[in-house]
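A.B. asks: using only what follows, build the 3D model:
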Amino acid sequence: MRFHLTAAVVALLCAGPASAEPQDDLFTGPDTILCLTPENLVVANQPAVAKSQTVLRSMGCLRPGSGVRTRPIDSTAVPTGNPLRVRFYPAGISSGIMLWALPSAFTAPISVQTSDPKRS
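C.D. replies: A predicted model of the protein is given here:
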């Protein structure tokens with residue numbers, strides 16, 4: 001009995017905190033639009049609206065440019081195509097900002113590939 005209890009405690013300690021956010025960072029793509037509310041995403045992503053930063057700002061949206069780190073809060077929206085709630089990490093704001101975006105607006109992180117330059 002004591003062995004099972006010890007094994008369970010060790011397993012929990014190795015697993016890390018249960019409340020930790022997933023570590024699947026995504027990065028903004030060239031046409032990513034982020035909004036304060038999910039309701040504005042459909043209109044904000046229409047070509048006539050998306051090209052105007054002034055209109056986007058008035059809607060509570062922004063187009064941050066490529067390569068800004070985000071972290072999905074609820075990844076269940078990705079397969080369905082529904083708006084995705086993300087924590088957006090712009091330069092200078094280490095804790096991030098909660099915003100909404102379409103799942104298609106992001107790119108996966110580029111995996112670091114180790115290669116021997118002598119083989120090239």
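A.B. asks: and the helices in the protein?
C.D. replies: 2-15, 41-44, 47-50, 53-58, 77-80 (DSSP state H).
A.B. asks: helices or strands next to the fourth one in the packing?
C.D. replies: Packing partners of helix 53-58 (3 or more CB pairs under 8 Å, 6 or more residues apart in numbering; DSSP states H and E): helix 47-50. (C-beta placed from N, C-alpha, C; glycine too.)
A.B. asks: other SSEs contacting the helix it packs on?
C.D. replies: Under the contact criterion of 3+ CB pairs under 8 Å, 6+ apart, helix 47-50 touches helix 53-58.
A.B. asks: name the residues of the helix it packs on that come out as buried.
C.D. replies: Residues of helix 53-58 classed as buried: Leu56 (neighbour count, 16 or more other CB atoms under 10 Å).
A.B. asks: and Thr70, how many residues sit next to it?
C.D. replies: Neighbourhood size, Thr70 [other CB atoms under 10 Å]: 24.
A.B. asks: may I have the beta-bridge partners of it?
C.D. replies: Legend: beta-bridge partners of Thr70 under DSSP bridges are Leu26, Phe88.
A.B. asks: was I right to think it contacts Phe27?
C.D. replies: Yes - the criterion here is CB atoms under 8 Å, and Thr70 meets it with Phe27 at 7.0 Å.
A.B. asks: common neighbours of the two, please.
C.D. replies: Residues touching both Thr70 and Phe27 (CB atoms under 8 Å, 6 or more residues apart in numbering) are Phe106.
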